[in-house]
Every structure is written in structure tokens, then in C-alpha cells.
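Got a predicted model here, sequence first, then my questions.
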Amino acid sequence: MNKILLGVIVLLVILAGIIWFYQSPKETQENSLPVLSVSAFNQTQSNDATKVSARPQDSIEFILTGQNQTDQIILGYVMTIDIFKLSDSATLIDAGGASYNSASNSLVWTPLDIPVGGSIEKKFTVRVNELPPNTPSQIMEVEFSNKIQITVSPKLQVLGNTVPASSQDPYTAPITGSTTGLVLILSVLTTFAGLIIRKIWFRAWG
């Protein structure tokens, strides 16, 4: 009796081991997810987009990464990102091969297997929109497991010469032309009249 019971227990243990052996890898593959992260690069300014202030018309490239840190291959992983928060501050100019899902406002790439210890990378690029009038700055935010924030500042304004040069220059040029001639003639006449008066004075009283 004890031998029969022991045999049943051993048989159950063997069956449980067989079931675990065939099912466990499948469950691991299905339940495992990559470690996701996003970074951004300002192509216009050639710098990390989180370390410089973006300007309207700057091109910003987002890099999405999925790392497989498990001991099983991740089969057919679909890389996708919600770009709804970007719609007010930027315009998509390069989807990097992704399809746009209008229902979820997201970019979706073709499924890919991620090998053990490996990773996949996808990119997309946007152009920064003009800021509304009288807006000092705003924040462009992207979330993909981690969250990054990019400061968007108004475009630098180059001030032109809007004031006439004559009003800017404190120097006043000397008077020329007919006015100068008139002053000269008056000076000569005054001198001549003085000489005549002196001559008449000396004749009368000299």
C-alpha cells in the first residue's frame, strides 16, 4: 500500500515537472516586457534637447528604446508611443517608419522580437511650432515609461533700425545753402554801414 502511494506521489511530481517545463517558458515570453526609455536630441542646435531651450522651427528627434533584461526572448513586441501631448507644441515631420493611429493619437511600429540581453530602437522627429503671442515659454512633455520635458522659448527677435537716423544722431550739421549766403551779406552790409557812420561822425565833429 505504501509503495502504491509513493508511486502515485512520484508520478504526480513527474507530471507537474513536465507541465511546468512546457508551460513556464511560454508564460514568461508572454508576460515579459522590455524596459522602455525615451531621450531627445535637438538636431537644429546639435545638443541634448533637455539641456537647451528649443526655439520655434527647431527639429527635435525622439529616440525610443526597449531593452530585454529577461532571460527569455520577447516575441513580437509592438513599440508604440502616445504623441497627443506633442500636438499643441510641435508638428510631426518624420514618423520613422511608424503608422499613425488617429484613434489613440499614437505612433505604432511593426512587431519585433527582442533577443535576450538585446534591445530595439525607434525614432521620430517633430518641428517646434510657433508660440502664441505674448507667451514667454512653455514645456514640451513626452512620456514613455520615463518622462522628459523640453523647454520651448520664443524665437529671438532681431531689432531693426526703426528710428530715422537724423533723430538718433545728436550732431547737427552746419547750415549751408541760401541761408549761409544771406547771413554773409547781412554781415558785410552791417560792417559797411558802420564805416559810413564813423566817417560822417568825424566830418561833423572832428
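Yes, it's here.

show me where this protein has helices.
Applying DSSP state H to the chain gives helices spanning 2-31, 165-168, 178-205.

By mean pLDDT, show me the worst of these.
Averaging pLDDT over each of these singles out helix 165-168 as the lowest, with a mean of 42.

OK, contacts around Tyr100?
Contact analysis of Tyr100 by Cβ atoms under 8 Å, 6 or more residues apart in numbering lists Leu92, Ser106, Leu107, Val108. For the C-beta atoms, the positions are set from N, CA and C on the backbone; glycine is no exception.

Who are the contact partners of the third one?
Residues in contact with Leu107 (Cβ under 8 Å, 6+ apart) are Thr80, Ile81, Ile83, Ala95, Gly96, Ala98, Ser99, Tyr100, Asn101, Phe124.

Now which of the residues you listed would you call buried?
Thr80, Ile81, Ile83, Ala95, Gly96, Ala98, Phe124 (16 or more other Cβ atoms under 10 Å).

Looking at those residues, which is nearest Ile14?
Thr80 (42.8 Å; Cβ to Cβ).

in the sheet, who's paired with the residue lying closest to that closest one once chain neighbours are set aside?
Once flanking residues are discounted, Thr80 sits nearest to Val108: 4.7 Å by Cβ to Cβ, 6 or more residues apart in numbering. Counting by DSSP bridges, Val108 is bridged to Thr80, Ser99.

do the same with Ile148
Here Ile148 sits in beta bridges with Val142, as judged by DSSP bridges.

circling back to that earlier point, separation between the residue nearest to Thr80 and Gly118?
Between Val108 and Gly118 the computed distance is 21 Å (Cβ to Cβ, to the nearest Å).

How about Ser153?
Applying Cβ to Cβ to Ser153 and Gly118 gives a distance of 39 Å.
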